[in-house]
Structures are given as structure tokens and as C-alpha cells.
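Engineer: got a predicted structure plus its sequence, pasted below:
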Amino acid sequence: MRPIPTSSSCSTLVDVAEGGDSKLLQTVPPTSLDCVARVTSSKHCSSLEQKEQFETNLYLPVFEDDYYDDEDDESDSEFGTPWIQQPIASAASPSPNANRQTLKLPSTTDEVPVDKYLRSIPSLVERAEELQAQPAVVLSEETASDLKVLNIRQGEIGHVTAKQADIIVSDKATTCHIIAVRSTSTDDAGSEPLVSLCHVDKAQYEGCLRDMIEAHKEHHGELSLDAIDMDLHLVGGYSDPDGSSLAITEHLIQLFGQISVEEKDDVNMSLKTCAVSCLNDNGFGAPIGRGLAVDIASGNVFLAAVDESLAGPAPNLRAARLWSAAHRTKLAVAHNQFC
């Protein structure tokens, strides 16, 4: 495996040993590796689209100004920080169902892996490129001195509202994927947005991710007359030759596709960002985005890196937990909306 010398996200998937050599610590399912071997060109995408497909209820992106643009600069934010924006009024947002396309997934990835298939969808590609066009913001005590930042480490999940923090972030992902979910409900004026973010390092944790969606439903109340609007952001992985990233991507896309169908009466789920695996590869065998941050109040997302000054409490103990629990089946809860 080609080494990533700067990686520190290495406890379960990629181990960067002394001298820059890397070794794979987790076995990748053979089907994932077979998919990688069979892909020789993007021409397969068109033929795959003609095959049997599974229609999810994941809405594809629409082109709003969700991402920070450096031309919008200055500090109309209450925090005076360019990459924090004021909340977007809900009335200005399009109806979740109005002229929206949903994601259709191939029933098999025997010919083309799911990341290559996603790369054939223009709206997903454009969204990923918008996000990746801006350099990662380094969050530190100096750059975020007036902000409350919640850092989520590998193998953890956190839930937070705007009353508790301004930014939720995770970084240092290589093959790992960072998942962010932000939900709102126009029906319940007293229910503020809830953001969940987790850093997954293997194609597991289905129970934890389903519990995450349930936490959002409970937050907005079971008696809400309108469906909850839920934005999903996925960032992480690259075209690693061992297929570790692809295994996680396939697991997450299939899982959230299934959840979107199961929850369609209660949740309008939009796949706002999907910069994963080959969509997150810089062309030289390394990930473009290794960290993702969410402005909790507005829902804006941006690439980020976390300085040690904002790493959070007990960083050594939290890192040691990864090595001491080789057979982890659950994400550790670092923070919840009741704290």
C-alpha cells in the first residue's frame, strides 16, 4: 500500500509505521476489491445506468449558496469570521420535494463500484468540487478565539445544537469517512436545528447511524405535522489501492439509501455533499478533504483541520481507546444535545 506519511488517522485502517511504510490492518471484503479490479474506464457508467436500479428517497443537491465563497468575505457574520455565515432563512429554502431528483443506486456493483457511479451524477460532482475549491480552514485558539468548537475524533459521534456550540468538526481522515447530519423542522418553531457528526473508520456501525437518525426525530418531536428536513454530508476516503475507502463508501451509501426509504414519511433526506473515495482523490493517491466542519446555526459546511489547541479534553485517552478496543462495534458518544 502506498504510504501517506502525514496520516495520523491510522488506528484501524492504515498504520503509518516508522520509516513511512504502511500496512493494512483491516481486511477488505473481496467483493470490494473485485469491483476495483474490474473498472477500466468511465464508459461503464452509462451501461450501468441502464441496469436494474434501486430508487432511494435521498434527494440530490440543488444549487444554493451553502458553501463559503471567499468573494463573500467579510464579516457580516455575528462572529466576524469569514467562514461563518448567518443562518439562512427557512422561507428562502426550496421545498424538499419541489422538482428534486432522488438518487437511484445500481442493484449491483459488479461492473462499476458505487463511487464511480456517483461520479457520473453531475450535481454530486459539482457539489464536491465547490467544497474542495476552498482550502481547509485551520481551527485554532487564534483563528476561532470567539467560537465554541466541538471536535469529534475517530470512532466518535457527537450531537449538538447552536446553543451549545458554534462549530462541530472532525479531521485527520484518510480512508475514514466523516458524516454530518443537520435537521430542521418548519412545523415546530420551538425546535432548533440539531447537528450530528461522526468519524467512521470501518464499514460497520449501522446501529449507531440508525440511532443518530432516531435522535433527530425525537429532537423535533414525534407529533410534528411536517416531515423533518435532513441534510446529509459525506466526506472522506480516496482511491486507495486496497479498497478500504470504497468498502466504507458502499456501506454508507447503501445504508442511508435504505434509511431514506424507510423514513420517507417522517424525513426529507437530502444528500447535500458526497465527496468520498474517488470523488475525494487528488489524482496522486491521497485525499483532498481530510476534515469537515459544520456551522451549526446556518448549516454551512467547509473543509477544516483542527489545531491541537482545540483538540478537546483528554486527547490521549480518547486516542488510546481506539487501540484498546480492536473489536469496537459502537461509536463512542463524545457529546449530546442534553449536555
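Structural biologist: Thanks, I have it. Only a predicted model underlies this, so the values are computations on that prediction, with no experimental measurement involved. Numbers count the residues shown, from 1 in each chain.
Engineer: contact partners for the spatially closest residue to residue 251 that is not a sequence neighbour?
Structural biologist: Spatial nearest neighbour of residue 251, chain neighbours left out: residue 203 (3.7 Å); criterion: CB to CB, 6 or more residues apart in numbering. Backbone N, C-alpha and C define where each C-beta goes, glycine included. Contact analysis of residue 203 by CB atoms under 8 Å, 6 or more residues apart in numbering lists 29, 247, 248, 250, 251, 252.
Engineer: the third one sits in which helix or strand?
Structural biologist: Right, the one you point to is residue 248. According to DSSP states H and E, residue 248 maps onto helix 244-262.
Engineer: and residue 329, helix, strand or coil?
Structural biologist: Three-state call for residue 329 (DSSP: H, G, I helix; E, B strand; the rest coil): coil.
Engineer: just give the number of residues close to the spatially closest residue to it that is not a sequence neighbour.
Structural biologist: Closest residue to residue 329 apart from its sequence neighbours, by CB to CB, 6+ apart: residue 204 at 6.6 Å. For residue 204, the count of nearby residues is 15 (other CB atoms under 10 Å).
Engineer: pretty sure residue 204 contacts residue 331?
Structural biologist: No: judged on CB atoms under 8 Å, residue 204 makes no contact with residue 331 at a distance of 9.4 Å.
Engineer: per-residue pLDDT, residue 108?
Structural biologist: Reading off the confidence values, residue 108 has pLDDT 71.
Engineer: walking through the stretch 151-300 of the chain, point out its strands one by one.
Structural biologist: In the stretch 151-300 of the chain, the segments counted as strands under DSSP state E, counting those that start in this stretch are 156-161, 167-170, 177-184, 194-200, 228-236, 267-276, 292-295.
Engineer: need phi/psi at the residue nearest to residue 251.
Structural biologist: Main-chain dihedrals, residue 203, degrees, to the nearest 10: phi -80, psi 60.
Engineer: so how far is residue 308 from it?
Structural biologist: As judged by CB to CB, to the nearest Å, residue 203 and residue 308 stand 30 Å apart.
Engineer: repeat that for residue 128.
Structural biologist: Counting by CB to CB, the gap from residue 128 to residue 308 is 28 Å.
Engineer: do residue 112 as well
Structural biologist: Residue 112 is 41 Å from residue 308, by CB to CB.
Engineer: neighbour count winner among the two?
Structural biologist: residue 112 (25 against 9).
Engineer: so that one sits against residue 118, correct?
Structural biologist: No: taking contacts as CB under 8 Å, residue 112 lies outside contact range of residue 118: 10.0 Å.
Engineer: now the helix holding residue 248: buried residues?
Structural biologist: For helix 244-262, a neighbour-count test (16 or more other CB atoms under 10 Å) marks 244-254, 256-260 as buried.
Engineer: mind giving me the packing neighbours of it?
Structural biologist: helix 30-38, strand 53-59, strand 102-106, helix 114-118, strand 177-184, helix 206-220, strand 228-236, strand 267-276 (3 or more CB pairs under 8 Å, 6 or more residues apart in numbering; DSSP states H and E).
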